[in-house]
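**Student:** Take this sequence and fold it.
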Amino acid sequence: MSYINGKIIKELREGKNLTQKQLGEIISVSDKTVSKWETEKGLPDITLLEPLSKALGVSVAELLSGENIVNQNRSGNISKLKFYVCPVCGNVITALGEGAFSCCGTKLPALSAEKAEENSFEIERPEGDIFLRFNHPMTKEHYISFAAYVTYNGIVLKKLYPEQEAEIRFPFSGKGKIFFFCNREGLFELKI
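**Tutor:** Below is the predicted model of the structure:
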């Protein structure tokens, strides 16, 4: 994990229209201390991370990553759903917009989905459900890790494991998209 850099502190402070003195007063340090941070002649103590991030209007993760992530999806619209997958442990994180996430010491980028090729899956509709069979290897080295069915009001995510069948069943709950993630090729989507 990285540590705070002076450039982001200065950018965020100026974005809030705060002077070094005003920021220092908010978090109980001197303006000279803030100046040292911004010129990278010193670093904030770990006990100041939470008050500093709060004063600057960002999360501690954003402050540590040196990136100011602005989530344009303030209403939490599910159509803006983002997937984040840890390349180390396979942990899956979903968010209703941009976020700053890390896992196993790795900063996770939001995945962008490619349209799934029609020959990469078969869909059946038994008893009104959605049954997907993927034409995809399921070895320990190359496999589909998860599939998610996303509708206007919800998400159902199911985990798949190497050496099991490359198939999954979802209860149908309306029009939407199915996303699936291959550990080598990334995220794919198809409309239902």
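**Student:** how about stretch 155-162: buried residues?
**Tutor:** Buried residues in stretch 155-162, counting neighbours by 16 or more other CB atoms under 10 Å, are found at Val156, Leu160. For the C-beta atoms, the positions are set from N, CA and C on the backbone; glycine is no exception.
**Student:** repeat for stretch 147-157
**Tutor:** Buried residues in stretch 147-157, defined by neighbour count with 16+ other CB under 10 Å: Ala147, Ala148, Tyr149, Val150, Thr151, Val156.
**Student:** out of these, who's nearest Arg125?
**Tutor:** Closest approach to Arg125 among the buried residues of stretch 147-157 (CB to CB): Tyr149, at 13.2 Å.
**Student:** Now name the helix or strand holding that closest one.
**Tutor:** Assigned by DSSP states H and E, Tyr149 falls within strand 144-151.
**Student:** Sheet partners, orientation included, of that strand?
**Tutor:** The partner list of strand 144-151 in its sheet, established with DSSP bridges, is strand 154-159 (antiparallel), strand 176-182 (antiparallel).
**Student:** Show me how far the longest one is from its chain's centre.
**Tutor:** Read that as strand 176-182. Between the mean C-alpha location of strand 176-182 and the chain-wide mean there is a distance of 16 Å, by CA atoms, centre = their mean, to the nearest Å.
**Student:** Tell me, how many residues neighbour Leu12?
**Tutor:** 20 (other CB atoms under 10 Å).
**Student:** residue contacts, the closest residue to it other than its chain neighbours?
**Tutor:** Across the structure, with CB to CB, 6 or more residues apart in numbering as the measure, the residue nearest Leu12 apart from its sequence neighbours is Leu56 (4.0 Å). For Leu56, the contacting residues are Ile9, Leu12, Arg13, Lys16, Leu23, Leu63, taking CB atoms under 8 Å, 6 or more residues apart in numbering as the criterion.
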